[in-house]
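Student: Need a 3D model of the following:
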Amino acid sequence: MPPTDNEDEPQVKESVIRLMTRLAMQYNAVNLSQGFPNEPPPRKVKLALAQAVLSGKDEGLLQYNHCDITEQELTDSLMNLLTKSSEDIVSDELNQYSPPMGRADARKAVSNYYSRLYHYKVSEDDITLTLGATEAVATALRTVGRPGDKVVIFEPFHELYSSQCEIFYLDPVYVTLKPNKESNEWDYHTDELKDAIKGAKAIILNTPHNPTGKCFDWNELKQVVDLCLQEEDCYIITDEIYEHMTYPDDNGTPRKHLLIPEVFPQAAHRTLVCNSLGKSASATGWRLGWCLHPPALSSLYRGVHDQLVAMAPHPMQYASLAYLNLPTEYFRETLSSRYINRIRKLANALKSIGFGVILPEGSYYLFVDFENVNELKGLSPTDAAMYLLEKLGVASVPGDNFYGKSEEGKKYLRFAACRSNTDIDNAIVRLKEKLHPVMT
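Tutor: The predicted model follows:
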């Protein structure tokens, strides 16, 4: 039984990131805190959702293997639906429950997505559609973990990882990423990772990484895989929601996201891949994700998922057929270039006023050192974030929110560069007007 003493209750609190969004609204600030775009999903994907909600049934317009219907055809279908009265629609499927593991055609579409983009074959029987990647990770932790089990997390980390460990009475153990001044990258100490994985039940691996933007390379992933396989029963839980947002290195060579069960097939039976369309489709409010789980865990994973949330939203499952069948160029080119200029523009502005910046290799965040910003020097991360919010009207996230062990976070703030160019430009004007580098 889990502990019942008050001092041993889970130490779970409301999200600081989402709190900063609410404060941004309160102060009418430019919101560079929470990592969600303010641009719409692809039009075809939105039309597919409207088709699902209005029709209530699968009329064969979207199919996992030939989603070649045009936007105009979807628009014409919707216009026809809008002329009908509610009495004309006698049956409704898509606004009701789906099977808990998700629609068969949507799971098949996920399978085809990995086959097309990664040449990795996974059965739809080993795919579960989830309530976003958040639930996918939570269900993975509960599937493989038991109270008291050790879970390794790279810090800085997204706050949900440690909170979910607390909820399930798991013991988070942290490996700290630190800036390498010579390579201008984020690195970890191998010995620290080795010690952390000893006796662990799982490691959570987020790559591309939030908040640093680190993309774990082949050698680093190989090390994680080898260390986990040396353990009797250690699983790798990946969070891959930024998979397509990877940027060229200093030589202009494109970075490529590496899918562990494809690149390291020897670890496929120990890997649970968690993902979502939220970031890549600019549809964070849809809460539609999935998990690829080893066959031996499929039944248990689906049982936990069923009892936690019952199902992912059914209309969004249907609309995901349009998303998962978008042209390859959307994933390979559009998403890898969408945010890069915004990131660089914001990074250059932050550098000019004293922030220490390491350009991200992926995702769309800037995790920056504010020690050499005159107006922020000596402040705690929370006080620094509130100064920017109250005095400048720019919302960020305190850096210590992303740490569980190290004191490193006391000098960092996180900015999300996924907002519109108008928002980025507005924030830059406000930052440059009021902030200055420490004079040496």
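Student: what pLDDT, on average, does the helix or strand hosting Asp423 get?
Tutor: In this structure, Asp423 sits in helix 421-434 according to DSSP states H and E. On average, the pLDDT along helix 421-434 is 98.
Student: how about the CA coordinates for that helix, as CSV?
Tutor: What follows is helix 421-434 as a C-alpha-only set of coordinates in CSV (Å, rounded to 0.1, in the frame of the first residue of the first chain):
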residue,chain,number,x,y,z
ASN,A,421,6.3,36.9,-35.5
THR,A,422,4.2,39.8,-34.4
ASP,A,423,4.4,38.6,-30.8
ILE,A,424,8.1,37.9,-31.0
ASP,A,425,8.8,41.4,-32.4
ASN,A,426,6.6,43.0,-29.8
ALA,A,427,8.4,41.2,-27.0
ILE,A,428,11.8,42.2,-28.4
VAL,A,429,10.8,45.8,-28.4
ARG,A,430,9.8,45.6,-24.8
LEU,A,431,12.9,43.7,-23.7
LYS,A,432,15.3,46.0,-25.5
GLU,A,433,13.6,49.1,-24.2
LYS,A,434,14.0,48.2,-20.5
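Student: residues in contact with the most centrally placed residue in the chain?
Tutor: Compute the mean C-alpha point of the chain, and by Cα atoms, centre = their mean the closest residue is Ile241, 3.9 Å away. By Cβ atoms under 8 Å, 6 or more residues apart in numbering, the contact set of Ile241 is Ala133, Cys274, Asn275, Ser276, Gly278, Lys279, Ser280, Gly289. Just so you know, the C-beta spots here come from the backbone N, C-alpha and C atoms, and that holds for glycine as well.
Student: Of the residues you listed, just say which sits nearest to Leu388.
Tutor: Each of the contacts of Ile241 was checked against Leu388 using Cβ to Cβ; the closest is Lys279, at 24.0 Å.
Student: Run through the neighbouring helices and strands of the lowest-mean-pLDDT helix or strand in the chain.
Tutor: Using mean pLDDT, DSSP states H and E, helix 71-82 stands out as the lowest-scoring helix or strand of the chain, at a mean of 89. Counting contacts by 3 or more Cβ pairs under 8 Å, 6 or more residues apart in numbering; DSSP states H and E, helix 71-82 is packed against helix 43-55.
Student: Pull out the buried positions in the helix it packs on.
Tutor: For helix 43-55, burial by neighbour count (16 or more other Cβ atoms under 10 Å) applies to Lys44, Val45, Lys46, Leu47, Ala48, Leu49, Ala50, Gln51, Ala52, Val53, Leu54, Ser55.
Student: per-residue pLDDT, the last one?
Tutor: According to the model's per-residue confidence, Ser55 sits at a pLDDT of 90.
Student: which residues sit in contact with the closest residue to it other than its chain neighbours?
Tutor: Residue nearest to Ser55 in three dimensions, not counting chain neighbours: Leu81, with 5.7 Å by Cβ to Cβ, 6 or more residues apart in numbering. By Cβ under 8 Å, 6+ apart, Leu81 lies in contact with Gln51, Leu54, Ser55.
Student: okay if I get these as a markdown table plus distance to Glu329?
Tutor: A markdown table is the format used below for those (distance: Cβ to Cβ, whole Å):
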| residue | distance to Glu329 |
| --- | --- |
| Gln51 | 24 |
| Leu54 | 29 |
| Ser55 | 29 |
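Student: Quickly name whichever of those residues is closest to Asn341.
Tutor: For those, with Asn341 as the reference and Cβ to Cβ as the criterion, the closest is Gln51, at 33.6 Å.
Student: List the buried residues of the strand or helix carrying Arg107.
Tutor: Per DSSP H and E, Arg107 falls inside helix 104-118. Neighbour-count burial for helix 104-118, counted by 16+ other Cβ under 10 Å, picks out Asp105, Ala106, Arg107, Lys108, Ala109, Val110, Ser111, Asn112, Tyr113, Tyr114, Leu117, Tyr118.
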